[in-house]
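J.: Need coordinates for the below:
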Amino acid sequence: KRADQMYRQVKFLIAIMVSVTTSSPVMASTTKTAGWTKTSVQATKNLAAEQRLKFKAAGVYDVEWPIKLSAERIASPDQSMKNETAIVGQDCTKTRTTTKVIHFQRHGQGYHNLIGDLFRDLQPGKLVLDSKDESINPFLKREMVDSPLTETGRKQCKDRRKEASVLNPELLVVSPLLRAMQTAQLSFHDHKNNIPWVAHEACREELGLLVCNERRLLSEIKEDFPWVDFSECGDDEDTLFNPHQRESPREMSQRIYDFLVNFIRDRPEKEIAVVGHSAWLFNMCNVVMDCGEDENLTNWFLTSEIRSMRVTFVEEL
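T.: Numbering: from 1, shown residues only. The predicted structure is shown next:
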């Protein structure tokens with residue numbers, strides 16, 4: 001099934017190239033192997049700028065969360081600290097403060113990322129992710145459902161294995177989308193047999209319209225990743241995905257907040273790894289958490305990138 005899915009996506013990719021190369025020059029930036037191309041890096045900058053405008057228009061910067069979340073970058077593994085929970089009295093107000101070390105990773109390059117980069121190279125300025133017209137939004141094509149990693153994406157994730165091996169997570173939480181599952185399997189391979197792995201629907205990428213974010217049948221995913229706990233996932237079919245409309249910034253930020261506060265905060269583990277997606281991570285670092293204007297945290301995650309953070313939850317009692 002995975003081979004058939006990859007065949008369909010490669011066939012679609014070739015069709016895009018053939019359809020436009022007669023009138024548009026192919027830029028060399030998308031032909032580089034391993035790492036990040038100029039096109040993909042520029043795309044993250046453009047996406048970040050676009051998302052910030054959407055956040056402002058949607059008013060999500062003004063949301064007052066009941067429990068305050070803040071993050072501080074951890075530059076090296078030896079700066080990790082144990083989870084701390086304390087009840088503190090301040091001016092007759094009691095607060096509950098919980099701190100955890102969380103290693104967030106974005107998945108490696110997926111076929112949808114490659115197709116997006118090719119489209120941007122071949123038809124500059126014509127890609128419109130909000131459009132329902134397939135000619136300017138290739139992410140509507142059914143061939144894109146639950147996109148797997150490309151060979152470049154697999155190499156990116158394998159190259160992260162050494163970095164991930166020196167981390168000390170007691171739990172790994174991963175989006176059930178295929179590219180995230182594959183990323184976790186390759187990058188956190190050294191933690192596969194010694195800590196629990198949990199797939200969680202709440203850390204999936206933006207829900208709706210863009211079919212690369214539509215999940216395969218859960219029964220199929222379980223067959224591919226039998227060591228993962230899927231009890232936090234929903235029905236076999238993807239009932240969360242809305243094929244007609246993208247998830248709003250406010251809806252996504254609420255989903256992220258609920259995941260962090262209601263699942264991550266109350267877990268007994270002191271140190272956790274979370275493998276997910278770029279728009280989700282960007283929303284988290286810019287809307288849900290206060291990252292203190294640290295661009296190392298607030299910038300768009302590049303494919304396969306890992307960022308370690310000390311995350312603090314403060315709740316007034």
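
J.: what's the helix or strand hosting residue 222 in contact with?
T.: Element membership of residue 222 [criterion: DSSP states H and E] is helix 218-224. Residues outside helix 218-224 that contact it (C-beta atoms under 8 Å, 6 or more residues apart in numbering): 1-2, 176, 178, 181, 199, 215, 228, 230, 233-237. C-beta here means a position set from N, CA and C on the backbone, and glycine is covered the same way.

J.: Of those, just say which sits nearest to residue 70.
T.: Among the contacts of helix 218-224, residue 199 lies closest to residue 70 (C-beta to C-beta), at 27.1 Å.

J.: Then the closest one would be within a strand, right?
T.: Yes. Assessed with DSSP: H, G, I helix; E, B strand; the rest coil, residue 199 lies in a strand.

J.: what's the closest non-adjacent residue to it?
T.: Counting by C-beta to C-beta, 6 or more residues apart in numbering, residue 199 lies nearest to residue 176, which is 4.3 Å off, once chain neighbours are set aside.

J.: That neighbour against residue 204, yeah?
T.: Yes. Residue 176 lies in contact with residue 204 (C-beta atoms under 8 Å); the separation is 6.8 Å.

J.: any common contacting residues for the two?
T.: With C-beta under 8 Å, 6+ apart as the test, residue 176 and residue 204 both reach residue 215.

J.: helix/strand/coil for residue 286?
T.: The three-state label for residue 286, taken from three-state DSSP, comes out as helix.

J.: How much space separates it from residue 209?
T.: 21 Å (C-beta to C-beta, to the nearest Å).

J.: cool, and residue 295?
T.: 29 Å.

J.: Give me the distance between residue 175 and residue 230.
T.: Distance, residue 175 to residue 230, using C-beta to C-beta: 12 Å.

J.: Compare these two and say which is more crowded by neighbours.
T.: Legend: neighbour count by other C-beta atoms under 10 Å for residue 175 and residue 230, higher for residue 175 (26 against 18).

J.: Next up, phi/psi of residue 233, please.
T.: Per-residue torsions, residue 233: phi -100, psi 160 (degrees, to the nearest 10).

J.: Okay, now the unreliable bits of the stretch 1-150 of the chain?
T.: 1-35, 77-93 (pLDDT under 70).

J.: All the strands of it, residue numbers only.
T.: 67-73, 84-90, 93-106 (DSSP state E, counting those that start in this stretch).

J.: Highest mean neighbour count out of the ones you listed?
T.: Mean neighbours per residue, mean count of other C-beta atoms under 10 Å, is largest over those for strand 93-106, with a mean of 19.

J.: Can you report how many residues lie near residue 208?
T.: Neighbours of residue 208 (other C-beta under 10 Å): 18.

J.: wait, what's in contact with it?
T.: Taking C-beta under 8 Å, 6+ apart as the test, what residue 208 contacts is 241-247.

J.: The nearest residue to it once chain neighbours are set aside and residue 221, how far apart?
T.: Using C-beta to C-beta, 6+ apart and skipping residues adjacent in sequence, the residue nearest residue 208 is residue 242, 4.0 Å away. To residue 221, residue 242 is 20 Å away according to C-beta to C-beta.

J.: just to revisit the earlier point, for the residue nearest to residue 199, what is the enclosing helix or strand?
T.: Assigned by DSSP H and E, residue 176 belongs to no helix or strand.

J.: residue contacts, it?
T.: Contacts of residue 176 (C-beta under 8 Å, 6+ apart): 199-201, 204, 215, 218, 221, 230, 233.

J.: one more time with 7 Å, if that's ok
T.: Residue 176 makes contact with 199, 201, 204, 215, 221, 233, according to C-beta atoms under 7 Å, 6 or more residues apart in numbering.

J.: The last one: neighbour count?
T.: As a burial measure, the neighbour count of residue 233 was computed by other C-beta under 10 Å and equals 22.

J.: Next, residue 307: phi, psi?
T.: Residue 307 adopts backbone torsions of phi -130, psi 130, taken as degrees, to the nearest 10.
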